[in-house]
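Peer 1: Sequence below, structure please.
(one chain, ligands or ions: 1)
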Amino acid sequence: MGSLLVDNIGLLVTADPSQGDGPLGTLTGAALVADGETVAWIGPRAAAPAADRRLDAGRGCVLPGFVDSHSHLIFGGDRSAEFAARMAGQAYTAGGIRTTVAATRAASDETLAARARSLVTEALTQGTTTIEIKSGYGLSVPDEARCLHLAGSLTRETTYLGAHIVPPEYADRPDDYVALAAGEMLDACAPYARWADVFCERGAFDADQARTILTAARDKGLGLRLHANQLGRGPGVRLAVELGAASADHCTYLSSDDVAALADSVSRDSPGTVATLLPGAEFSTRSTYPDARRLLDAGATVALATDCNPGTSFTSSMPFVIALAVREMRMTCEEAVLAATAGGATALRREDIGRLTVGARADLTVLAAPSYVHLAYRPGVPMVREVIRGGEQTPSATVGTPIADHSW
Ligand SMILES: [Zn+2]
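Peer 2: Numbering: from 1, shown residues only. Below is the predicted model of the structure:
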């Protein structure tokens with residue numbers, strides 16, 4: 001693989017304030033050298049060491065590859081009709097997931113894998129170099145296990161979400177499903193999963209059910225995350241903090257106690273339970289956005305992710321999420337970019353990604369724009385010119401260009 005010099009950078013965003021100016025640690029007149037998969041050198045252009053290859057950034061802004069810490073890419077079927085109906089005035093309920101469960105169960109491994117691969121490629125072309133992928137549309141022991149096995153061929157950040165909803169065949173005995181999800185299903189899935197997640201929401205799983213499943217998963221060595229407080233106030237966020245989960249995701253309806261719990265979980269030694277905001281879901285369901293300002297001002301750690309899924313947020317675009325966060329959630333451009341890079345890495349408890357520092361993975365995005373501000377300032381415009389993943393230039397990041405090797 002050798003070394004790669006990224007040169008002629010207009011503005012380098014390190015996402016590490018100790019390395020440069022402002023909260024994003026920006027540098028001007030800088031260059032970066034990757035040796036193999038790792039960042040080996042960052043410094044003034046004129047002092048850059050020789051490298052085997054050179055990439056001219058064209059005076060564009062260079063930033064860490066986006067870390068999308070929340071997605072549901074293993075699914076069958078299509079829910080565009082449901083979206084159209086919702087836009088025509090119907091409200092979203094968690095039940096729409098059942099449509100995707102039926103289609104996923106009916107789909108072959110090849111069909112599911114091809115769909116997920118194309119979405120991973122779509123995300124990559126928009127600057128996402130790490131993506132978390134959940135199960136949760138199988139909801140039987142063999143279907144959850146095969147979905148996680150497929151996810152594991154695309155990313156190491158795999159999440160067991162057997163407790164997405166209670167499947168129809170358990171509708172009259174939900175506690176039996178909880179026992180399955182905390183028992184035989186977990187046993188079958190744990191070898192393929194790094195994380196466990198539960199949809200803790202009215203209409204899905206209550207706090208006691210979620211605690212049963214998550215503590216069983218923790219005993220199996222899985223890290224914890226939760227879908228919490230998306231559709232209304234509830235116990236999800238405080239349960240996430242109680243269990244020391246890496247992330248509480250959605251955080252749309254929060255009480256003062258919820259906000260305080262997230263902020264108080266942050267300490268000198270720990271980033272606490274990250275509040276992962278998913279504004280693509282509010283956009284796509286025409287719902288109230290989370291109050292990011294309140295969380296940031298309280299001192300909580302905030303991440304942004306796509307929630308890419310066929311029902312409520314069918315976007316793989318982190319630039320779009322950044323634009324929503326700035327426009328609709330009153331995050332500053334700096335806060336949004338930080339939440340989409342270092343914030344996502346923290347939500348996945350990864351220190352090797354989400355920042356450009358010596359020793360980190362050489363995952364970076366070159367924008368066809370002079371500043372990261374353009375990600376929000378020019379919404380919907382293809383802005384990603386090059387994507388480097390593990391020190392390797394990915395084939396042209398032009399939208400729609402097929403990429404042969406999808407392995408992460
Ligand atoms: Zn989700």
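
Peer 1: can we go C-alpha only for contacts and neighbour counts from here?
Peer 2: Will do.

Peer 1: which residue ranges form the strands in the stretch 101-250 of the chain?
Peer 2: With strands called from DSSP state E, counting those that start in this stretch, the stretch 101-250 of the chain shows them at 128-131, 133-134, 158-163, 195-200, 223-228, 247-250.

Peer 1: helices and strands around the first one, which ones?
Peer 2: Same thing as strand 128-131. strand 66-68 (3 or more CA pairs under 8 Å, 6 or more residues apart in numbering; DSSP states H and E).

Peer 1: The strand it packs on - contacts with which helices or strands?
Peer 2: So strand 66-68, by 3+ CA pairs under 8 Å, 6+ apart, packs with strand 128-131, helix 333-340, helix 342-347.

Peer 1: Would you reformat these as a markdown table and include distance to Leu5, mean pLDDT and mean neighbour count?
Peer 2: Listed next are these as a markdown table, based on distance: least, CA to CA, whole Å; pLDDT from 0 to 100; neighbours: other CA atoms under 10 Å:
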| stretch | distance to Leu5 | mean pLDDT | mean neighbour count |
| --- | --- | --- | --- |
| strand 128-131 | 19 | 98 | 27 |
| helix 333-340 | 24 | 98 | 26 |
| helix 342-347 | 23 | 98 | 28 |
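
Peer 1: do you know which of those lies nearest Asp143?
Peer 2: strand 128-131 (21.2 Å; CA to CA).

Peer 1: and the closest one, which strands flank it?
Peer 2: strand 66-68 (parallel) (DSSP bridges).

Peer 1: Need the contact partners of the strand it pairs with.
Peer 2: 127-132, 304-306, 318, 340-345, 353-354, 364 (CA atoms under 8 Å, 6 or more residues apart in numbering).

Peer 1: With stretch 142-152 instead?
Peer 2: Residues contacting stretch 142-152 (CA under 8 Å, 6+ apart): 73-74, 105, 109, 112-113, 116, 133-138, 158-160, 162, 185, 188-189, 192-193.

Peer 1: Any of those residues buried? List them.
Peer 2: 73-74, 105, 109, 112-113, 116, 133-138, 158-160, 162, 185, 188-189, 192-193 (16 or more other CA atoms under 10 Å).

Peer 1: ok so, going back, any chance of the strands of the stretch 101-250 of the chain in JSON lines, with distance to Asp291 too?
Peer 2: Formatted as JSON lines, the strands of the stretch 101-250 of the chain follow (distance: least, CA to CA, whole Å):
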{"stretch": "strand 128-131", "distance to Asp291": "24"}
{"stretch": "strand 133-134", "distance to Asp291": "25"}
{"stretch": "strand 158-163", "distance to Asp291": "26"}
{"stretch": "strand 195-200", "distance to Asp291": "20"}
{"stretch": "strand 223-228", "distance to Asp291": "14"}
{"stretch": "strand 247-250", "distance to Asp291": "11"}
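
Peer 1: Please name whichever of those is nearest to Pro382.
Peer 2: Among the strands of the stretch 101-250 of the chain, strand 128-131 sits nearest to Pro382 (CA to CA), with 13.4 Å.

Peer 1: Just give me how far that closest one sits from the chain centre.
Peer 2: 8 Å (CA atoms, centre = their mean, to the nearest Å).

Peer 1: Please apply the same query to stretch 220-233.
Peer 2: 14 Å.

Peer 1: Need phi/psi at the spatially closest residue to Ile97 that is not a sequence neighbour.
Peer 2: Leaving out its chain neighbours, the residue that sits closest to Ile97 by CA to CA, 6 or more residues apart in numbering is Gly311, at 7.0 Å. In terms of degrees, to the nearest 10, the main-chain angles of Gly311 are phi -100, psi -50.

Peer 1: show me what contacts Gly311?
Peer 2: So Gly311 contacts 79-80, 82-83, 96-97 (CA under 8 Å, 6+ apart).

Peer 1: and the gap between Gly36 and Gly359?
Peer 2: 11 Å (CA to CA, to the nearest Å).

Peer 1: Next secondary structure element downstream of the helix or strand encompassing Asp257?
Peer 2: Taking DSSP states H and E as the definition, one finds Asp257 inside helix 256-264. Per DSSP H and E, the first helix or strand lying C-terminal to helix 256-264 is strand 274-277.
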